[in-house]
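Q: sequence-free structure coming up:
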């Protein structure tokens, strides 16, 4: 049985606790895939852009998705990337996590994003899911949950 939980801003303590878990619990990504706490946003960003561009989409669209999700403007996003900010701080210090991200549903890496209990991993998978939708040609209005 799946339950729906509204994402909220999460305290840094919850992020630290979630990144130190060693065993996967129901609804979580297996530890071998749980690298969000140590990986930098700048590490995955070029992969997001390459995936989008390979399918005829643009870097600007990737940036628009990240801005919608996190509240970073272009300058702040570029600063985060230049500083090689890890995901824990990238999401933990995001200006305004979009409350509409609760509408993001679907499977990434074999796990339903809405069922991921680890707050940091769920945030990372939300972005993965949005980039997947972009690469699949979904209109930006739908990706940004405007309808």
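A: Okay, I see it. Keep in mind it's a predicted model, so treat the numbers as computed, not measured. Numbers count the residues shown, from 1 in each chain.

Q: quick check: next helix or strand after the helix or strand harbouring residue 65?
A: Using DSSP states H and E, residue 65 sits in helix 59-70. Downstream of helix 59-70, the next assigned helix or strand under DSSP H and E is helix 74-82.

Q: and that next one with helix 59-70, angle?
A: Between helix 74-82 and helix 59-70, the angle comes out at 90 degrees (axes from the mean of the first three to the mean of the last three C-alpha atoms, to 10 degrees).

Q: tell me which residues of helix 74-82 come out buried.
A: Neighbour counts over helix 74-82 (16 or more other C-beta atoms under 10 Å) mark 77, 80, 81 as buried. Every C-beta, even on glycine, is put in place using the N, C-alpha and C of the backbone.

Q: can you give me the angle the longest helix belonging to the chain makes with helix 59-70?
A: Criterion DSSP state H: the longest helix present in the chain is helix 119-135. Using the same axes, to 10 degrees, the inter-axis angle of helix 119-135 relative to helix 59-70 is 150 degrees.

Q: by contact count, what packs against helix 119-135?
A: Judged by 3 or more C-beta pairs under 8 Å, 6 or more residues apart in numbering; DSSP states H and E, helix 119-135 is in contact with helix 12-19, helix 41-54, helix 59-70, helix 87-92, strand 107-108, helix 140-143.

Q: could you redo the last one with a cut-off of 10 Å?
A: helix 12-19, helix 41-54, helix 59-70, helix 87-92, strand 107-108, strand 111-112, helix 140-143 (3 or more C-beta pairs under 10 Å, 6 or more residues apart in numbering; DSSP states H and E).

Q: CSV for the buried residues of helix 74-82, including distance to residue 47 and pLDDT?
A: Output for the buried residues of helix 74-82, formatted as CSV (distance: C-beta to C-beta, whole Å; pLDDT from 0 to 100):
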residue, distance to residue 47, pLDDT
77, 16, 97
80, 16, 96
81, 13, 96
